[in-house]
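Student: The following comprises the amino acid sequence and a computationally predicted model.
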Amino acid sequence: MSSSRTATLTRATSESRVELSLDLDGTGASTIDTGVPFYDHMLTAFAKHSLTDLTVRAEGDVEIDAHHTVEDVAIVLGDAIREALGDKAGISRYGDALVPLDDALAQAVVDISGRPYLVHDGEPDGFALHLIAGHFTGSLVRHTFEAISYHAGLTVHLRVLAGRDPHHIAEAEYKAFARAFRQAKALDPLVRGIPSTKGAL
């Protein structure tokens, strides 16, 4: 396993351009500018609570919709996580977190399995259609985790257990994922090699 768990990636399409770098063994420092302010807030929370240093610079057709930029950043973030994890030797592999934010409560369980899978439920009726901060559609929360899970090769179970305020619900989900991912990516001194009976993740 490389001593440096970092990645720097660029993705350009007709809809957006994303430049992203991360360090899985950071302190949670971040510089985020996606052109979608609420998404910046969520990615900053992800970096802080997962102890991942993260720099994101994105330009996209946000005058049409935030969707393209949000999705493309999530794709690159997932790809960067997968690259930075390397062969996954020595990692804890599993993480579980239960995170409250006032009225909201979210639980995330992460397995750095190499098998993309997302189970996501519990968001209240109407959440997917709500415009959080006037520009971030609630449906983009699930869409973000779909893209990250698929491109990073993570199995993620994410549940909203309580919540009334859409901002709080979304933020609790991102923070729960961050805390679970923090545990899963951590290097465990008791683990020798790949934490799988198959010998590969």
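Tutor: Cool, got the structure.
Student: which residues of this structure fall in helices?
Tutor: 37-50, 67-85, 139-152, 166-185 (DSSP state H).
Student: Quick one: mean pLDDT for the second one?
Tutor: The one in question is helix 67-85. Averaged over helix 67-85, pLDDT sits at 98.
Student: returning to what we had before: export the helices of the chain as CSV, with columns for distance to Glu15 and mean neighbour count.
Tutor: For every residue, glycine as well, the C-beta is placed using N, CA and C. Output for the helices of the chain, formatted as CSV (distance: least, CB to CB, whole Å; neighbours: other CB atoms under 10 Å):
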stretch, distance to Glu15, mean neighbour count
helix 37-50, 15, 22
helix 67-85, 4, 22
helix 139-152, 14, 21
helix 166-185, 23, 24
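Student: a markdown table please, covering those helices and showing distance to Ala133.
Tutor: Formatted as a markdown table, the helices of the chain follow (distance: least, CB to CB, whole Å):
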| stretch | distance to Ala133 |
| --- | --- |
| helix 37-50 | 4 |
| helix 67-85 | 13 |
| helix 139-152 | 12 |
| helix 166-185 | 7 |
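Student: Go through these and name the closest to Val110.
Tutor: For the helices of the chain, proximity to Val110 was assessed by CB to CB; helix 166-185 is nearest, at 4.2 Å.
Student: And the helices of the chain: which comes nearest Asp102?
Tutor: Counting by CB to CB, Asp102 lies closest to helix 166-185 out of the helices of the chain; the figure is 5.3 Å.
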